[in-house]
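> Structure, please.
(chains A, B, C, D and E)
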Amino acid sequence: MDRIGVVDTMFACIDMGSIAERRLSELEGYGERFEVVRRTVPGFKDLAVAARRLIERDGCAIVVACGMPGGADLDEMCAHEASQGIMMAQVLTGTHILEVFVHMREESDPDKFATLCHNRVADHALNAYRMLYAPEELRKRAGQGIRQGGEDVGPLAVR
Amino acid sequence: MDRIGVVDTMFACIDMGSIAERRLSELEGYGERFEVVRRTVPGFKDLAVAARRLIERDGCAIVVACGMPGGADLDEMCAHEASQGIMMAQVLTGTHILEVFVHMREESDPDKFATLCHNRVADHALNAYRMLYAPEELRKRAGQGIRQGGEDVGPLAVR
Amino acid sequence: MDRIGVVDTMFACIDMGSIAERRLSELEGYGERFEVVRRTVPGFKDLAVAARRLIERDGCAIVVACGMPGGADLDEMCAHEASQGIMMAQVLTGTHILEVFVHMREESDPDKFATLCHNRVADHALNAYRMLYAPEELRKRAGQGIRQGGEDVGPLAVR
Amino acid sequence: MDRIGVVDTMFACIDMGSIAERRLSELEGYGERFEVVRRTVPGFKDLAVAARRLIERDGCAIVVACGMPGGADLDEMCAHEASQGIMMAQVLTGTHILEVFVHMREESDPDKFATLCHNRVADHALNAYRMLYAPEELRKRAGQGIRQGGEDVGPLAVR
Amino acid sequence: MDRIGVVDTMFACIDMGSIAERRLSELEGYGERFEVVRRTVPGFKDLAVAARRLIERDGCAIVVACGMPGGADLDEMCAHEASQGIMMAQVLTGTHILEVFVHMREESDPDKFATLCHNRVADHALNAYRMLYAPEELRKRAGQGIRQGGEDVGPLAVR
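The predicted structure is shown next:
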């Protein structure tokens, strides 16, 4: 059985990993073609190596890595370092790790923020699934201005 | 048969990958000497590992990686991370990956933006071809102020 | 016997490594299931390679890396480089290295700063232990807004 | 016969590679002890992997990598990424790659800029030669405030 | 016999490498237990790979890498890239490379600058020695606010 990894943090204020698990459990082949392996780490700087371990030790074919950078300038620098680590882990393993970061700066209203977070995580869980089992779904949407968590922008209107 | 990889994103608002495919299909040897392998990923942070996979799993000799960074500051930081990943993938594989980024900030008029995007992608598709089959075409243009997507600057006029 | 690595610096103004050692010595299995290996280096830019050596030469299963960036802008850039190194060491070894940085900018009152530093180091020492022996403790706290060294933020209140 | 690699770009407005080739051709042992291998790539982000290829595929013992960052902020970020790539290629191959960047921002007068560019490239071509065949020439100049392309600053005058 | 590497630059305005060599020559075991291998490179971006070569080709057990970033903003970016390279070389080789950078911005008075530079280099030469032969000297100073080149800050005074 294939494995899809999900890793999230104690730092985040929403249980992002469970959103991803739930979304994946709704998709065709769950429990038959693929299963989900879940990990939680302290903060987003721990995601990159956790993802690498999910790939190399647990045999995951793809990983969804969820983090929630805080609103201070220092948090943004840390998020940058965390992203660079996830990038490095991807390039070194040759395996996709979908970085799902929801920045606290993006939305100040808690309900809207929760909705944004939920939708982005769920959309990326679906992306992970499609990258493994339905790449033609991605191909069809090339250049369509697709966004995860918010409204799609759509393709550029040209006269 | 040689393979040239093309990878683009769902995030972009123009189907950049198809522009590259079309340009490559016009070049000598298409379908005989070389073929094109196309992938689409969610966003530009997924390009680096996709390019690595095109090189190592699909045997591509060179890759054109297309992305369209949005206009916010956070988008620029993400573009920086995406670029670093593409750089890392190139250096680690020892294979050229032509980064074709068209930043939304570059041009606000949609028609001009579309033209810029089209020209830059097409120019880089040609560059990829020349790097494989006609390096002397690049050598001839050394220091000629060549730009992809806009007017060439030309060589510096010195008295 | 398992080994947990602790590395800190001469640069810091608090003996952070001893705080980590003390916290680890209070945990179940100390001296039986696991022991602690301690190193001190000049400054935080020396932490990444020291951590790698603790993992590869001394066989540590996880490392707690403690540093205290100064308050100047140049210090922040150095901290960024130190963090990138720790990230790289993690990704390359596939082993967690918990970065415990207490920035002098975070708190100007020396007593509060000392308390913050003490709590953050102790909390991360516990995290290291849990990552090895009680991952379910981390899993239970996913998305709970857990902070190291200060008050937990708690999960987001949504209507 | 040893090989010295020279790589430059079509983007630059001066044929930097030819300046390097010309300078190397004036040095003792040219055509006997060493020869020059020249490549041209589209832009400076393509230099790092081109240098790696010159080292690993073409057997170059050292590489001179020439680029000319434009004057916009985005160009500077790209130059930073290009530099990081060249750094990575050096560290991974264990071979020196002399980064010769002339930033358009450095000098607005075209004639002075051309002189600066010419001198810097030529000086680095000489450096590459000396690193291979005359390291004692570098050693003699340690701490002498040597600059490539402009006036040497000279050693610090201390009372 | 062990080997300690020292590498510096022609760019610096003080012969930093000789300060390091002199300090190391005063320490116990010099010429018996360990010897010093010296290199000079053009600028600080050449330090990382030179250090790697000292480790891998010349068998150095540790390296002191000396550089002197200039005062312009561009110099600071270059220093950042040079530091990242040294970090990467450390992590990849698993060997300490002590980065000894004296920034021209740190002190405008030339005599004070020379003193700062001299002390910092000498202190790091001693650190390199202690890391090899007297790690307990570092351990004793953990969290003592030790500075290289200036007054030690001392441990934080807490009520």
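> Next one, pLDDT for residue A:150 please.
In this model, residue A:150 is scored at 85, pLDDT.
> what do you get for residue A:159?
Per-residue confidence (pLDDT) for residue A:159: 63.
> Over to residue A:80?
Per-residue confidence (pLDDT) for residue A:80: 96.
> pretty sure it is touching residue B:76, no?
No: with contact defined as Cβ atoms under 8 Å, residue A:80 does not reach residue B:76; the gap is 11.4 Å. C-beta coordinates here come from the backbone N, C-alpha and C atoms, glycine included.
> can you list residues touching both of those two?
Between them, residue A:80 and residue B:76 share no contacting residue under Cβ atoms under 8 Å, 6 or more residues apart in numbering or on different chains.
> okay, now residue A:114: neighbour count?
By other Cβ atoms under 10 Å in any protein chain shown, 18 other residues sit near residue A:114.
> do you know how far it is from residue B:142?
55 Å (Cβ to Cβ, to the nearest Å).
> for residue A:87, same thing?
Using Cβ to Cβ, residue A:87 is found at 32 Å from residue B:142.
> now do residue A:109
Residue A:109 is 55 Å from residue B:142, by Cβ to Cβ.
> Which one's more surrounded, the two?
Higher neighbour count among residue A:109 and residue B:142: residue B:142, with 24 against 9, using other Cβ under 10 Å.
> before we move on, what SS does the residue of chain A found nearest chain B have?
Proximity of chain A to chain B (Cβ to the nearest Cβ) peaks at residue A:143, 3.4 Å away. Three-state assignment for residue A:143 (DSSP: H, G, I helix; E, B strand; the rest coil): coil.
> One more: residue A:118?
Strictly by three-state DSSP, residue A:118 counts as helix.
> List the single closest residue to it in space, sequence neighbours excluded.
residue A:19 (5.6 Å; Cβ to Cβ, 6 or more residues apart in numbering or on different chains).
> Next, the contact list for that neighbour, please.
A:117-118, A:121-122, A:125.
> same thing with residue A:132?
The contact partners of residue A:132, by Cβ under 8 Å, 6+ apart, come to A:2, A:4, A:34, A:61-62.
> At which residues are the helices of chain A located?
For chain A, the helices defined by DSSP state H cover A:16-25, A:47-56, A:73-93, A:110-133, A:135-140.
> Who are the contact partners of residue A:31?
residue A:25.
> if we can go back for a sec, what residues does the residue lying closest to the residue of chain A closest to chain B once chain neighbours are set aside make contact with?
Nearest non-adjacent residue to residue A:143, counting by Cβ to Cβ, 6+ apart: residue B:15, 3.4 Å away. Residue B:15 makes contacts with A:142-144, A:155, B:8, as judged by Cβ under 8 Å, 6+ apart.
> Which two of those residues have the greatest separation?
A:155 and B:8 (12.7 Å; Cβ to Cβ).
> For the two, work out which one has more neighbours and name it.
residue B:8 (32 against 16).
> wouldn't residue A:91 be in contact with residue B:89 here?
Yes: the pair residue A:91 / residue B:89 is scored as a contact, 5.0 Å apart, by Cβ under 8 Å.
> Can you check which residues contact both of these two?
With Cβ under 8 Å, 6+ apart as the test, residue A:91 and residue B:89 both reach B:48-49, B:52.
> Can you check the pLDDT for the residue nearest the centre of chain A?
Closest residue to the average C-alpha location of chain A: residue A:100 at 3.4 Å, with Cα atoms, centre = their mean. Residue A:100 is assigned 98 on the pLDDT scale.
> same deal with the one 10 residues further on?
At residue A:110 the predicted local confidence, pLDDT, stands at 94.
> Could you measure from it over to residue A:128?
27 Å.
> Looking at these two, which has the bigger crowd around it?
Set residue A:110 next to residue A:128 and count neighbours by other Cβ under 10 Å: residue A:128 wins out with 29 against 14.
> thought the more buried one was touching residue A:62?
Yes: counting by Cβ under 8 Å, residue A:128 touches residue A:62, with 4.9 Å between them.
> overlap in contacts of these two?
What both residue A:128 and residue A:62 touch, as defined by Cβ under 8 Å, 6+ apart, is the set A:4, A:96, A:98.
> out of the residues you listed, who's nearest chain D?
Closest to chain D, out of all of the shared contacts of residue A:128 and residue A:62 and judged by Cβ to the nearest Cβ, is residue A:96, at 21.6 Å.
> Fine, thanks again, bye for now.
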